[in-house]
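K.L.:
Generate a structure from the sequence data that follows.
(4 chains)
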2 protein chains.
Amino acid sequence: MTAQRRQPRSRPETLARRRDILDAAVEIFGSKGFAGGTLQEIADQVGMTHAGILHHFGSKDQLLIEVLQHRDETDVADLEEQHIPDGMPLFRHLVRTAFVNEHRAGIVQAYAVLSAESVTDDHPGRAFFEKRYRTLRSEVAHAFEVVCAERGITTPDTIADASTSILAVMDGLQVQWLLDPTAVELARASEFAIEAIVTAVLSPTPSPLADGADEHAQPSRSSV
Amino acid sequence: MTAQRRQPRSRPETLARRRDILDAAVEIFGSKGFAGGTLQEIADQVGMTHAGILHHFGSKDQLLIEVLQHRDETDVADLEEQHIPDGMPLFRHLVRTAFVNEHRAGIVQAYAVLSAESVTDDHPGRAFFEKRYRTLRSEVAHAFEVVCAERGITTPDTIADASTSILAVMDGLQVQWLLDPTAVELARASEFAIEAIVTAVLSPTPSPLADGADEHAQPSRSSV
DNA sequence: GTCTATAAGCTGATAGAC
DNA sequence: GTCTATCAGCTTATAGAC
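P.N.:
Numbers count the residues shown, from 1 in each chain, chains lettered A, B, ... in the order given. Just a heads-up that it's a prediction; the model follows:
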């Protein structure tokens, strides 16, 4: 596990070119989607022909896959510098990420658009996002387990629901924020929701929704 | 405000045909996205040629717009039968919706895919989703105002953050659930998150995240 | 490594017969 | 109202010159 991740495929000049293409692809796929964006547009942005791009990546599908991997490696590298937080600091890190994201609309949009598009039939990014969410969920769940253990709380289902919910709010807020930045305070709302969910795990309270009379439509035995 | 919404454009036979096309379009756009889905596929599903579809709707863009309007009218009609809930019952209604959605993966996917895709450049569904979220947010916010007023709580920012967050979790959970239904309990997690957020509004607690030492990276004056 | 040229296919949309 | 025929345009991808 040294510094160099894989053997350089070729001259550093070529690798730099590949990185240029990957950066351009993030921007185009982010602003047009994968199905909507074209190799031509990516080629224009980086100043070559679409044939040149296919020379480097073989196919459009493969380009998307490498775009996602590259983005992930970059983000993970950033994280590792601050050696991955755990326990309560992880939740603080997620809030901080939301504040940072407020100034990176481009990358936020790329993830928002591509993750949702990845659920469509035969989408080349599907495996990536499936794995990504699985990993993120287990990281957040582990943080919950740490803070819960300290306080003697053990509620596996709750931890699972809370973990997936925290990632879900962050994603959902991004979509609403991208649609109307003036109507949604991305960072502040993310902080509020994450605090609400963490609090619900650490200090369970009776459900505020459980008092109505005629809820579940199914005719159950009437409890006087 | 009688039963018929607009004057029938033509024979009821034609309207039925249009509805068939709209239903097919939801399915195709839902499973392939708007950019990825084609008029040909929609035509095949309904048993005609793509020229026939263009005869009815004029353009692919216009078809999407009418698809979204039609879906919305259908859903709203369902809601009005149970005359739109408000206050605490609205939150219960949202939870119930999550339970129903667990058995309607097709429609869930259509909304998830199209709403995220709508943030891309010049997407014909953008105006629809902008308005949709604006409306939903204000409805949820109003429900919060009702229950807050009963208890003498007034926190406009909190209500805004909570309202947008509730819609956000529901959306975000749907994406994760569509990617891996075995890993996410859509309804249960939605219920947990909504309860957590409602509780946070009604019974504010000190932030569980505020105790760490070296948070915000910026070198502020050290408070000993 | 990048280009030009070319292929083969599909796209949304139009015109006109029935 | 639906079809066939046709269009121009654009898509990804390949082959081969430089």
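K.L.:
Wait, A:Leu186 touches A:Ala98, no?
P.N.:
Yes: with contacts counted by CB atoms under 8 Å, A:Leu186 reaches A:Ala98, the gap being 6.2 Å. Just so you know, the C-beta spots here come from the backbone N, C-alpha and C atoms, and that holds for glycine as well.
K.L.:
where do the contact lists of these two overlap?
P.N.:
Common contacts of A:Leu186 and A:Ala98 (CB atoms under 8 Å, 6 or more residues apart in numbering or on different chains): A:Leu173.
K.L.:
where's A:Phe91 relative to chain B, distance?
P.N.:
The spacing between A:Phe91 and chain B, counted by CB to the nearest CB, to the nearest Å, is 6 Å.
K.L.:
Tell me how many other residues surround that residue.
P.N.:
Other residues within reach of A:Phe91, judged by other CB atoms under 10 Å in any protein chain shown, total 22.
K.L.:
Show me what the helix or strand encompassing it is packed up against.
P.N.:
Under the criterion of DSSP states H and E, A:Phe91 resides in helix A:88-101. With contacts taken as 3 or more CB pairs under 8 Å, 6 or more residues apart in numbering or on different chains; DSSP states H and E, helix A:88-101 sits against helix A:126-150, helix A:156-179, helix A:186-202.
K.L.:
Could I get those helices in a markdown table, plus columns for mean pLDDT and distance to chain B?
P.N.:
As requested, these are arranged in a markdown table below (pLDDT from 0 to 100; distance: least, CB to the nearest CB, whole Å):
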| stretch | mean pLDDT | distance to chain B |
| --- | --- | --- |
| helix A:126-150 | 96 | 5 |
| helix A:156-179 | 98 | 3 |
| helix A:186-202 | 98 | 3 |
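K.L.:
So for A:Ala116, which of these sits nearest?
P.N.:
In terms of CB to CB, the element of the helices and strands packed on helix A:88-101 nearest to A:Ala116 is helix A:156-179, at 7.8 Å.
K.L.:
Alpha carbons of that closest one, in PDB - could you do that?
P.N.:
Extracted in PDB, the C-alpha atoms of helix A:156-179 (Å, rounded to 0.1, in the frame of the first residue of the first chain):
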ATOM      1  CA  PRO A 156     -29.900  -2.500  15.500                       C
ATOM      2  CA  ASP A 157     -33.000  -1.600  13.500                       C
ATOM      3  CA  THR A 158     -32.900   2.000  14.700                       C
ATOM      4  CA  ILE A 159     -29.300   2.300  13.800                       C
ATOM      5  CA  ALA A 160     -29.900   1.000  10.300                       C
ATOM      6  CA  ASP A 161     -32.900   3.300   9.800                       C
ATOM      7  CA  ALA A 162     -30.900   6.300  11.100                       C
ATOM      8  CA  SER A 163     -27.900   5.600   9.000                       C
ATOM      9  CA  THR A 164     -29.700   5.300   5.700                       C
ATOM     10  CA  SER A 165     -31.900   8.300   6.700                       C
ATOM     11  CA  ILE A 166     -28.900  10.600   7.300                       C
ATOM     12  CA  LEU A 167     -27.500   9.900   3.900                       C
ATOM     13  CA  ALA A 168     -31.000  10.200   2.400                       C
ATOM     14  CA  VAL A 169     -31.700  13.700   3.900                       C
ATOM     15  CA  MET A 170     -28.400  15.000   2.600                       C
ATOM     16  CA  ASP A 171     -29.100  13.700  -0.900                       C
ATOM     17  CA  GLY A 172     -32.700  14.900  -0.900                       C
ATOM     18  CA  LEU A 173     -31.800  18.300   0.300                       C
ATOM     19  CA  GLN A 174     -29.300  18.600  -2.500                       C
ATOM     20  CA  VAL A 175     -31.900  18.000  -5.200                       C
ATOM     21  CA  GLN A 176     -34.300  20.600  -3.700                       C
ATOM     22  CA  TRP A 177     -31.400  23.000  -3.300                       C
ATOM     23  CA  LEU A 178     -30.300  22.600  -6.900                       C
ATOM     24  CA  LEU A 179     -33.800  23.200  -8.100                       C
END
